[in-house]
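Visitor: A structural model of the following input is requested.
(chains A and B)
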There are 2 protein chains.
Amino acid sequence: MTTDFAATRAQFLLPEGIIYLDGNSLGPLPRAAAARVASCVTEEWGKMLIRGWNAAGWMDQPSRLGTRIGRLIGAEPGSVVLGDTLSIKVYQALASALDMVPGRRVILSDTGNFPSDLYMAEGLCRTLGPDYRLVTVAPEEVAGAITEEVAVLMLTEVDYRTGRKHDMAALTAAAHAKGALAIWDLAHSAGALPVDLAGAGADFAVGCTYKYLNSGPGGPAFIYVAPRHQDAARPALSGWLGHAEPFAFDLHYRPGTGVERMRVGTPPILQLAALEASLDIWDQVDMAALRTRSIALCDAFIAGVEASCPDLALASPRNAAERGSQVSFRHAQGYAIMQALIAEGVIGDFRAPDILRFGFTPLYTSDADVSQAVAILSQIMASGSWDRPEFHARAKVT
Amino acid sequence: MTTDFAATRAQFLLPEGIIYLDGNSLGPLPRAAAARVASCVTEEWGKMLIRGWNAAGWMDQPSRLGTRIGRLIGAEPGSVVLGDTLSIKVYQALASALDMVPGRRVILSDTGNFPSDLYMAEGLCRTLGPDYRLVTVAPEEVAGAITEEVAVLMLTEVDYRTGRKHDMAALTAAAHAKGALAIWDLAHSAGALPVDLAGAGADFAVGCTYKYLNSGPGGPAFIYVAPRHQDAARPALSGWLGHAEPFAFDLHYRPGTGVERMRVGTPPILQLAALEASLDIWDQVDMAALRTRSIALCDAFIAGVEASCPDLALASPRNAAERGSQVSFRHAQGYAIMQALIAEGVIGDFRAPDILRFGFTPLYTSDADVSQAVAILSQIMASGSWDRPEFHARAKVT
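Guide: Modelled structure (predicted):
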């Protein structure tokens, strides 16, 4: 296990002149990923052709990489599998969980959840019928809202806008105490901080790999099913690769063993190759040291910005124990300020209506990145240079 | 438009010593795809980082490539979008279609359909409730089984085992005459033969890109929604990229315009880059010429095998008009025979229980491929060389 984050930084391609504080949205390229993907394309696809499913191990890649991600999130071996997108995995987990709590029809979530999780829950409720509903409350009201009507508590551990972190163990226990199951979305947790799914007693978890796990744009999602539920969890998205015998081509579905039943269709082999190269770095990372370093980076950024930018209001919890690995500030002109920052080479992102969001990723964020980002931001704020027409023009994706 | 298939063949990497007759399972590598994917990895992901969503056009890639695929399948511009896997797209199309035929609860399909389509229908029926059911009949009995109970007719146009082709226009009209909608799976049609979705009046269609469209292992699927249905089709898998304003981060789902609402989560950008390189070839292909050439290749293979391998029974329709672009033969020892063929460099595949399957793909299959494959197969059959222990041992994926 490594605690040498200068060494991990050297394993990423970080463009000259860029301070990248958006790895919480899309992680940068692990240097080895370029060669790994190229080899997958030319040596595996190109030369093995269809034989790659066996010879190159493509078919087992979703489980093999799942177990490697499992270490980062405290999952039991063999309880995580890759595939699809995070939204699809949310639907899968919700459908299975609702099925396991007969007689209850309420999904409880919070207004800080990533909207796609809520949209997928809406779509599932509509499919299940008029008795099913999604209830959302403010993040701080979740614990009090877990009634005996609730079938499933579905939360994202770390708020995508503010970085506010829920207490996974406490809320899972509160859900269980009322007879509900708990699903955790780890989009802003996996690779951001140590997660202990098994210790927290989580029932299901889902997450994506293109943020802190650096699998590249559109890298696949993952799903965790607690071992105690794996035989009971009935997939609603019952695809052939989740079948007990995919190549028997039976006419009826029989779920496969363990978390494998959550596989659906053909896995995205090129994207998985990129993820594999990233996990070669992650396999060596001491998660406790990562957390210590993450907190130091975030605290330094908060201190620097608060000392020099009085117009920016901290939107993240000040207490590091209540935060993920990002820091957000509010400003009514946040969009333009972020565009001005990006023009100066400091890449964070903006989340409507007024959030400037900065991700700190110990694998490659340096102390110099933090101090330079603070210096550039304070110069932009002091000079008002963000208030130019080009910085107010909206792009499609921000 | 090209009719020069020697020129298209030169655009693929075809390993020395291999006769590849399995492009109906996984298409080979377009030579330009290696450089295109490498550029996507190092120039786009590596250097643009998060900015690639706008600067490299990643966000619009699923629609842009969808329209290019649309030409191959007779879809109206803007009515096809890429994403997810074929199984997920089947679920999406089925859920939307069932929702549009209120009061009816039956999905009709056939026993020749690819099992995952049936599994996904089973999973959806189970989610919708006990009144919903999937009914399957033999392929030749489909027309007679379309009753006024049927909400949706879901068929794969070309049978994955035998290559038998349904009459899309006639069966769609028969479904409409009974008040049902028709969903067509084009897994073995897109790029295999001309398809005329608009002319046939199809309501929905789905397909994959890693077979005849050569997008590489795990390339994304596509979905077609007829323009007349696009405003009414309510997505059950209601993900954020199908939202009217994904980056408004609303708490409630509002479907986007047109087929875009069938997008779910973040698209697989590396896989789409490979597909883009393949479509650069496809954009030039005359589909009528492709069909003529496909039939010539298939007919030559059938004639050659029947003349020299009396123990192999044709499993595909003899009439080319009733076939896709593959030819299958039956033999009780089909598995071992296929392994012997592969050991000799002729790659087809086996489908349980007794099908030897050979795909003919005019973009890169030559006349010499056909005659050499026939010669090797007849030598194996005449000598009985397939009957060795190593050819009977089963691999995980066949």
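Visitor: So for the closest residue to chain B within the stretch 1-150 of chain A, what's the nearest residue that isn't a sequence neighbour?
Guide: In the stretch 1-150 of chain A, the residue that lies nearest chain B is residue A:85 (2.8 Å; C-beta to the nearest C-beta). For glycine as for every other residue, the C-beta is placed from the backbone atoms N, C-alpha and C. Nearest residue to residue A:85 in three dimensions, chain neighbours excluded: residue B:265, at 2.8 Å (C-beta to C-beta, 6 or more residues apart in numbering or on different chains).
Visitor: related to what we said a few turns ago, which ones are touching the residue of the stretch 1-150 of chain A closest to chain B?
Guide: Contact analysis of residue A:85 by C-beta atoms under 8 Å, 6 or more residues apart in numbering or on different chains lists A:208, A:220-221, B:84, B:239, B:264-266.
Visitor: which of those has the most neighbours?
Guide: residue B:84 (31 neighbours; other C-beta atoms under 10 Å in any protein chain shown).
Visitor: what about it, which SS state?
Guide: coil (DSSP: H, G, I helix; E, B strand; the rest coil).
Visitor: surely it meets residue B:221?
Guide: Yes. The criterion here is C-beta atoms under 8 Å, and residue B:84 meets it with residue B:221 at 5.6 Å.
Visitor: who touches both of the two?
Guide: By C-beta under 8 Å, 6+ apart, the residues touching both residue B:84 and residue B:221 are residue A:265.
Visitor: Tell me which residues of stretch A:3-11 come out buried.
Guide: A:5, A:8-9, A:11 (16 or more other C-beta atoms under 10 Å in any protein chain shown).
Visitor: hmm, I was thinking of stretch A:331-339
Guide: Under 16+ other C-beta under 10 Å, the buried positions of stretch A:331-339 are A:331, A:333-339.
Visitor: do that stretch and chain B meet at all?
Guide: No. Figure legend: stretch A:331-339 not in contact with chain B (C-beta under 8 Å from any C-beta of the partner chain); closest approach 10.9 Å.
Visitor: Just the mean pLDDT for that stretch, thanks.
Guide: Across stretch A:331-339, pLDDT averages out at 97.
Visitor: Name the residues that touch that stretch?
Guide: For stretch A:331-339, the external contacting residues (C-beta under 8 Å, 6+ apart) are A:311-313, A:348-350, A:353-356, A:377, A:380-381, A:386-388, A:390-392, A:394, A:398.
Visitor: Contact partners for the most centrally placed residue in chain A?
Guide: Nearest to the geometric centre of chain A sits residue A:187, at 1.6 Å (C-alpha atoms, centre = their mean). Going by C-beta under 8 Å, 6+ apart, residue A:187 touches A:86, A:114, A:156, A:158, A:160, A:207-208, A:211.
Visitor: Could you grab the helix/strand/coil label for the residue in the stretch 201-350 of chain A that chain B sits nearest to?
Guide: Nearest to chain B, among the residues of the stretch 201-350 of chain A, is residue A:265, at 2.8 Å (C-beta to the nearest C-beta). What three-state DSSP gives for residue A:265 is coil.
Visitor: thinking again about what came up before, ok, of the contacts of residue A:85, which one's closest to residue A:125?
Guide: Using C-beta to C-beta, residue B:239 is the member of the contacts of residue A:85 that lies nearest residue A:125, at 14.8 Å.
Visitor: how close does the closest one sit to chain A?
Guide: 4 Å (C-beta to the nearest C-beta, to the nearest Å).
Visitor: Am I right that that residue is in contact with residue A:87?
Guide: Yes. Under the criterion of C-beta under 8 Å, residue B:239 makes contact with residue A:87 at 3.8 Å.
Visitor: interface residues of the stretch 201-350 of chain A facing chain B?
Guide: So the stretch 201-350 of chain A meets chain B at A:208, A:210, A:216-221, A:234-241, A:243, A:247-253, A:264-272, A:274, A:342, A:347, A:349 (C-beta under 8 Å from any C-beta).
Visitor: Filter the residues you listed down to the buried ones.
Guide: A:208, A:210, A:216-221, A:234-241, A:243, A:247, A:249-250, A:253, A:264-272, A:274, A:342, A:347, A:349.
Visitor: follow-up on the earlier one: what sits against the residue of the stretch 201-350 of chain A closest to chain B?
Guide: A:83-84, A:239-241, B:84-88, B:116, B:221.
Visitor: Now find how far off-centre the longest helix along chain A is within its chain.
Guide: In chain A, taking DSSP state H as the definition, the longest helix is helix A:287-308. On the basis of C-alpha atoms, centre = their mean, to the nearest Å, helix A:287-308 is displaced by 20 Å from the centre of the chain it belongs to.
Visitor: Identify the residues contacting it?
Guide: A:1-3, A:5, A:72, A:192-194, A:312, A:314, A:316, A:318, A:320, A:323, A:325-327, A:329, A:358, A:360-363, A:365, A:367, A:370-371, A:373-374, A:377-378, A:381-382.
Visitor: one more time with 6 Å, if that's ok
Guide: A:3, A:5, A:193-194, A:312, A:320, A:325, A:327, A:360, A:362, A:365, A:370, A:374, A:378 (C-beta atoms under 6 Å, 6 or more residues apart in numbering or on different chains).
Visitor: Take those and lay them out in a markdown table including pLDDT and secondary structure.
Guide: Formatted as a markdown table, these follow (pLDDT from 0 to 100; DSSP: H, G, I helix; E, B strand; the rest coil):
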| residue | pLDDT | secondary structure |
| --- | --- | --- |
| A:3 | 85 | coil |
| A:5 | 95 | helix |
| A:193 | 98 | coil |
| A:194 | 98 | coil |
| A:312 | 98 | coil |
| A:320 | 98 | helix |
| A:325 | 98 | coil |
| A:327 | 98 | strand |
| A:360 | 98 | coil |
| A:362 | 96 | coil |
| A:365 | 98 | coil |
| A:370 | 98 | helix |
| A:374 | 98 | helix |
| A:378 | 98 | helix |
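Visitor: hmm, which of these are the buried ones?
Guide: A:5, A:193, A:312, A:320, A:325, A:327, A:360, A:362, A:365, A:370, A:374, A:378.
Visitor: contacting residues around the fifth one?
Guide: Contacts for residue A:325 were tallied using C-beta under 6 Å, 6+ apart; they are A:192-193, A:294, A:360.
Visitor: which one is it nearest to, not counting chain neighbours?
Guide: residue A:192 (3.9 Å).
Visitor: how would you label the one you found: helix, strand or coil?
Guide: Under three-state DSSP, residue A:192 comes out as coil.
Visitor: Repeat that for residue A:205.
Guide: strand.
Visitor: Model confidence for it, exactly?
Guide: Residue A:205 is given a pLDDT of 98.
Visitor: and residue A:313, how many neighbours?
Guide: Neighbour tally, residue A:313, other C-beta under 10 Å: 12.
Visitor: Okay, and the beta partners of it?
Guide: Assessed by DSSP bridges, residue A:313 has beta-bridge partners residue A:330.
Visitor: my guess is it meets residue A:330, correct?
Guide: Yes. Counting by C-beta atoms under 6 Å, residue A:313 does reach residue A:330; the two are 4.6 Å apart.
Visitor: The residue nearest to residue A:190 when sequence neighbours are not counted - how many residues pack around it?
Guide: Nearest non-adjacent residue to residue A:190, counting by C-beta to C-beta, 6+ apart: residue A:207, 4.4 Å away. Using other C-beta under 10 Å, residue A:207 has 28 other residues around it.
Visitor: In contact with residue A:207, which residues?
Guide: Taking C-beta under 6 Å, 6+ apart as the test, what residue A:207 contacts is A:186-187, A:190, A:222.
Visitor: In strands, which of the residues you listed fall?
Guide: residue A:222 (DSSP state E).
Visitor: Turn the buried ones among the contacts of residue A:207 into a named PyMOL selection, would you?
Guide: Selecting the buried subset of those in PyMOL, with 16+ other C-beta under 10 Å as the burial test, is done by:
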select buried, chain A and resi 186+187+190+222
